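Asks: with the input below, show me the fold.
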Amino acid sequence: MPLSEYEQRVLSQMEQQLRSDPRLVSTFTTDHRYSGRRLALGALLVLAGLGMLVGGVAGSLIWLGVLGFLAMLGGVMLAISRPKGAAPRQMAPARKGGGSPAPARKHSGFMQRLEERWDRRRDQRGR
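Replies: Okay, the predicted model is just below:
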């Protein structure tokens, strides 16, 4: 069942408002590529922290257990963090026709192809 004109207009207005929210745009457009070196160091730190945690529990050394937990937390944070000089991927400006903005990457992924198909279908129905 297609949307009424009113529903399409409200949906379009909501889309425009969401697109102008910089925090939301940056949330959905960040590039989640992680550095292999950071992942390896983070995993190594997590394993070392786990060893310290188990050793602290086995030896009844609370300070060693807490230190192990902090090392594990630091390892996870290191593994998922972005290098200091890396900036999030930027979005191209939105088209006047109300279509979705195109990412700055040349090759499109699965989700991009789905969005393009959705936009084409929506444009064909609007005519």
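Asks: looking only at pLDDT, what's the mean for the longest helix along the chain?
Replies: Under DSSP state H, the helix in the chain containing the largest number of residues is helix 36-58. Across helix 36-58, the average pLDDT comes to 92.
Asks: check which helices and strands that helix sits against.
Replies: Under the contact definition 3 or more CB pairs under 8 Å, 6 or more residues apart in numbering; DSSP states H and E, helix 36-58 sits against helix 62-80. For every residue, glycine as well, the C-beta is placed using N, CA and C.
Asks: show me what the helix it packs on is packed up against.
Replies: Contact here means 3+ CB pairs under 8 Å, 6+ apart; on that basis helix 62-80 packs against helix 36-58.
Asks: run the angle between the helix it packs on and helix 62-80 for me.
Replies: For the pair helix 36-58 and helix 62-80, the angle between their directions (axes from the mean of the first three to the mean of the last three CA atoms, to 10 degrees) equals 160 degrees.
Asks: thinking again about what came up before, ok, and what's touching the longest helix of the chain?
Replies: Outside helix 36-58, the residues within contact range by CB atoms under 8 Å, 6 or more residues apart in numbering are 61-81, 83.
Asks: so how far is the host helix or strand of residue 17 off the chain centroid?
Replies: Residue 17 belongs to helix 5-19 when elements are defined using DSSP states H and E. Centroid separation between helix 5-19 and its chain, computed with CA atoms, centre = their mean, to the nearest Å, is 24 Å.
Asks: could you do stretch 38-58 as well?
Replies: Its chain's C-alpha centre lies 26 Å from the corresponding centre of stretch 38-58 when counted by CA atoms, centre = their mean.
Asks: same question, stretch 59-76
Replies: Worked out by CA atoms, centre = their mean, stretch 59-76 lies 29 Å from the chain centre.
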